[in-house]
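S.K.: sequence and predicted structure, then a few things I'm wondering about:
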Amino acid sequence: SSKAVHPRKRFGFFRRLFKKEPKPRLAPSAADASSLCGQEVATEEDILHVKSLPDFNGTLRAADSELLLQYLTAPYLRVPLLLRFFSQASHTAALAHPELQDVLDAAVFEPGLW
């Protein structure tokens, strides 16, 4: 006398083993404010509620980091805003940080929604 096993339980192991999760087509953008903050950020107001802003190893003050992240939330305006931001003498030296180089590169050269 064998026990009746529900079909779902019988193949549960194989289902988990071969389950295909959809993979993202691309890695997250380096110009995404959410990936830089480490939490979900969609608007400028969300930036104000971030407890710990990235300082990029001390290359940017908290106010400058906040401004940079806010620029990244404006998809149509972020390229001219970022170029103006990094053209200021006080921010140009910050481009020595590789992560900020990646942010600017992604914002300028990655295709956007427009």
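M.R.: In hand now; what should we look at?

S.K.: pLDDT score for the most centrally placed residue in the chain?
M.R.: The centroid of the chain falls nearest to S35 when counting by C-alpha atoms, centre = their mean (2.5 Å). The model reports S35 with a pLDDT of 90.

S.K.: near V103, how many other residues are there?
M.R.: When neighbours are defined as other C-beta atoms under 10 Å, V103 has 27 of them. Glycine gets a C-beta too; all of them are placed from N, C-alpha and C.

S.K.: got the buried residues for the strand or helix carrying it?
M.R.: For V103, the enclosing helix or strand under DSSP states H and E is helix 98-109. Of the residues in helix 98-109, those scored as buried under the neighbour-count criterion (16 or more other C-beta atoms under 10 Å) are L100, V103, L104, A107.

S.K.: residues in contact with the third one?
M.R.: With contacts taken as C-beta atoms under 8 Å, 6 or more residues apart in numbering, L104 has the following neighbours: A31, L82, F86, L95.

S.K.: gap between it and N57?
M.R.: L104 sits at a distance of 16 Å from N57 (criterion: C-beta to C-beta, to the nearest Å).

S.K.: the last one too?
M.R.: For A107, the distance to N57 under the criterion C-beta to C-beta works out to 20 Å.

S.K.: chain neighbours aside, what residue packs nearest to the residue nearest to the centre of the chain?
M.R.: Once flanking residues are discounted, S35 sits nearest to P28: 4.8 Å by C-beta to C-beta, 6 or more residues apart in numbering.
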